[in-house]
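In: I need the structure of the sequence given here:
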Amino acid sequence: SRRTVNAFLGSPAITQASNLEYDLAGRIVKLTQKERPVIGWPTGNGEMSPPPGLSRYLSQNYDLVRLDGLDRGDTLPSVRGLVIAGPRGMYSETSLRAIDQAILSATPTAILLDLYDVNVGNFFVRKNENGLDRLLQSYGLTAPAGLVADAQNVAIQMQTQQGFFTLQTVVNYPYIPRVTDL
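Out: Just a heads-up that it's a prediction; the model follows:
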């Protein structure tokens, strides 16, 4: 039908050929699936929300679902993937058990940890405790101590005092990486 063709093609013209094979295969998969796979994104421990670009990218083939029931011990049977991004709060034992069960049941899981909470304004760093490091250690994984620096980074404004004057200075800050392309 015409509607199926439009859903398949998205737009009538090819605007970029570099990803044509990937886009075509992705759209064929989308048309042949009875239901879209679900990627769970836990909330409740200060995790980052999915960035708009990543959300748009993933939502082409997946449904993104916020998970707020890990503390209740909810199981994750319908989740085909799990993304834990930058949690700031301590996970309960119940939440850690739910994450562990998802991993043990072969659910692909991305754990993006911030080992340190960096306060850019005061140049203050403190260890970020969330309990996931213990879970990862049970799998034989450890994250080395330290901060990641990126030569391609975000510029920040700093205030400096010069006598009676306060000056605004823009400086590159290597501890805030600039992501330009997924």
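
In: hmm, who's touching the strand with the most length in the chain?
Out: Among the segments of the chain that qualify as a strand by DSSP state E, the longest is strand 165-177. Among residues not part of strand 165-177, those counted as contacts by CB atoms under 8 Å, 6 or more residues apart in numbering are 118, 120, 147-161. (C-beta placed from N, C-alpha, C; glycine too.)

In: Strands of this protein, start to end?
Out: 38-42, 63-67, 79-85, 109-112, 116-119, 124-127, 153-162, 165-177.

In: Now those in JSON lines, please, with extra columns for mean neighbour count.
Out: Compiled in JSON lines, the strands of the chain are given as follows (neighbours: other CB atoms under 10 Å):
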{"stretch": "strand 38-42", "mean neighbour count": "21"}
{"stretch": "strand 63-67", "mean neighbour count": "16"}
{"stretch": "strand 79-85", "mean neighbour count": "19"}
{"stretch": "strand 109-112", "mean neighbour count": "14"}
{"stretch": "strand 116-119", "mean neighbour count": "14"}
{"stretch": "strand 124-127", "mean neighbour count": "10"}
{"stretch": "strand 153-162", "mean neighbour count": "11"}
{"stretch": "strand 165-177", "mean neighbour count": "12"}
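
In: Minimum distance to Ile103: which of these has it?
Out: strand 109-112 (5.3 Å; CB to CB).

In: neighbouring strands for the closest one, and are they parallel or not?
Out: Sheet partners assigned to strand 109-112 using DSSP bridges are listed as strand 79-85 (parallel).

In: Please read off the pLDDT at the nearest residue to Asp133 once chain neighbours are set aside from the model.
Out: The shortest distance from Asp133 to any residue other than its chain neighbours is 6.9 Å, reached at Ala143 (CB to CB, 6 or more residues apart in numbering). With respect to pLDDT, Ala143 has a value of 82.

In: Ala143 - how many residues pack around it?
Out: Number of residues near Ala143 (other CB atoms under 10 Å) recorded here: 13.

In: Hmm, Leu113 and it touching each other?
Out: Yes: under the criterion of CB atoms under 8 Å, Ala143 is in contact with Leu113, at a separation of 6.1 Å.

In: Between the two, which contacts overlap?
Out: Once CB under 8 Å, 6+ apart is applied, the residues that Ala143 and Leu113 both contact turn out to be Asp133.

In: what about Glu21, neighbour count?
Out: Using other CB under 10 Å, Glu21 is surrounded by 9 other residues.

In: Asn130 too?
Out: 23.

In: One more: Tyr91?
Out: If you count neighbours by other CB under 10 Å, Tyr91 ends up with 23.

In: Please name the nearest non-neighbouring residue to it.
Out: In this structure, Tyr91 finds its nearest non-sequential neighbour in Gly131, 4.3 Å apart by CB to CB, 6+ apart.

In: That concludes my questions; thank you for your assistance.
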